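**Q** Build me a structure from this.
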Amino acid sequence: MSTVSRVADREGPGETVAGFLAALAIFGGAIAIAQRPVTIGLFSLFVGLIAAAMAGGRNRKLAAAAVGIASACWLAGMIVCVITNRPLW
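**A** Have a look, this model is predicted:
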């Protein structure tokens, strides 16, 4: 009985990839504040949405946070670029 529960608790490769994609989305969102928010920010938001679609189990909250952080960083990057007259893309 305990062997079956250990196998069920293991992560699959899809969940591992979803965790890495979520981390990439958070990192890309942070970069989007300082660099080009349209290209980098929207790409990181798209990666975060893919991670949220793939995630299950314990990476579900990380993927949801990645989508929220990437979108907030995209908005902050847009605001910074408009205020400082830098190009958006």
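**Q** So which residues make contact with the longest helix seen in the chain?
**A** Counting by DSSP state H, the longest helix found in the chain is helix 60-84. With contact meaning CB atoms under 8 Å, 6 or more residues apart in numbering, helix 60-84 is reached by 18-19, 21-23, 25-26, 28-30, 32-38, 40-42, 44-45, 47-49, 51-52, 54-55, 86-88. The C-beta positions use only the backbone N, C-alpha and C, and glycine is treated the same way.
**Q** Pull out the buried members of the residues you listed.
**A** Buried members of the contacts of helix 60-84, counted by 16 or more other CB atoms under 10 Å: 18-19, 21-23, 25-26, 28-30, 32-33, 36-37, 40-42, 44-45, 47-49, 51-52, 54-55.
**Q** Show me where this structure dips below the pLDDT cut-off.
**A** Scanning the chain for pLDDT under 70 picks out 1-10.
**Q** if I look at Gly28, how far off is Ile50?
**A** Distance from Gly28 to Ile50, counting by CB to CB, to the nearest Å: 12 Å.
**Q** go on, Arg58?
**A** Counting by CB to CB, the gap from Arg58 to Ile50 is 18 Å.
**Q** Compare the two (neighbour count), which wins?
**A** Ile50 (19 against 11; other CB atoms under 10 Å).
**Q** And that one, its phi and psi?
**A** Backbone torsions for Ile50, taken as degrees, to the nearest 10, come to phi -70, psi -40.
**Q** residues contacting it?
**A** Counting by CB under 8 Å, 6+ apart, Ile50 has contacts Leu21.
**Q** That one and Gly29, how far apart?
**A** 14 Å.
**Q** Could you do Ile79 as well?
**A** Note on Ile79: its distance to Gly29, by CB to CB, is 14 Å.
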